[in-house]
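# model the structure of this input:
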Amino acid sequence: MKRSLIVLPALLVAGLCLVSCVTRHEHEPAPPPPPPLPAWIHNPKPNDSVNMYRVGSATGEPTVAQAREAAYQDALRQISRSIMTEAAGTAAGRGGDAVPLAGAEVMPGCSYVVSRPAGYEAWVQVSFPLTEKRRVVESLRR
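So this is what the prediction gives:
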């Protein structure tokens, strides 16, 4: 009797483990995690003697093209704010006025889009020539 009280729970535990192992494999595997973000997103290229650089981002966009465009527009907003701040001070940099940004370009290899359940996320790194920046700053100061 004592022996059956010890053996029976042990058999039940072994059976539960076996059932657990079998049913675990019947479930759909979790989707693989997305690949890590490119280094330029977290460590954007710093401004140099030729260009200024900004990384724009977008989330929840319905298509890849719209996500890239929204990220590009975000980078342009950042560049505009920087120019407005330089031209007229900190308060002006907070405003919503955009300045014309001829020459802004997405850097080669610096566009990244990820599909998420809520839509597409995108990042782009944009360069803007400092000569054009100086021209815009001077025109705003006048």
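
# could you say which helix or strand contains residue 139?
Using DSSP states H and E, residue 139 maps to helix 130-141.

# what lies in contact with that helix?
47, 49-52, 79, 83-84, 86-88, 99-103 (Cβ atoms under 8 Å, 6 or more residues apart in numbering). (Glycine included, C-beta is placed from N, CA and C.)

# let's see it at 6 Å
83, 86-87, 99, 103 (Cβ atoms under 6 Å, 6 or more residues apart in numbering).

# this structure: helices as residue ranges?
Applying DSSP state H to the chain gives helices spanning 2-24, 39-42, 64-88, 90-93, 130-141.

# comparing these, which yields the minimum mean pLDDT?
In terms of mean pLDDT, the lowest-scoring of the helices of the chain is helix 90-93 (a mean of 52).

# tell me, what's the model's pLDDT at the residue lying closest to residue 129 once chain neighbours are set aside?
The shortest distance from residue 129 to any non-neighbouring residue, by Cβ to Cβ, 6 or more residues apart in numbering, is to residue 103 (4.8 Å). Per-residue confidence (pLDDT) for residue 103: 91.

# and residue 125, how many neighbours?
23 (other Cβ atoms under 10 Å).

# any idea of the pLDDT on it?
Confidence score, pLDDT, at residue 125: 98.

# what's across from it in the sheet?
residue 55 (DSSP bridges).

# related to what we said a few turns ago, out of the contacts of helix 130-141, who's the most crowded?
Going by other Cβ under 10 Å, residue 83 tops those with 23 neighbours.

# how about residue 121: which residues does it bridge to?
Beta-bridge partners of residue 121, as defined by DSSP bridges: residue 114.

# list the contacts for residue 34?
residue 114.

# what distance do you get for it to residue 108?
Noted for residue 34: a distance of 22 Å to residue 108, by Cβ to Cβ, to the nearest Å.

# what do you get for residue 55?
From residue 55 to residue 108 the distance is 15 Å (Cβ to Cβ).

# with neighbour numbers in mind, choose between those two.
Taking neighbours as other Cβ under 10 Å, residue 55 and residue 108 compare with residue 55 leading, 21 against 8.

# pLDDT at that one, what is it?
pLDDT, residue 55: 98.
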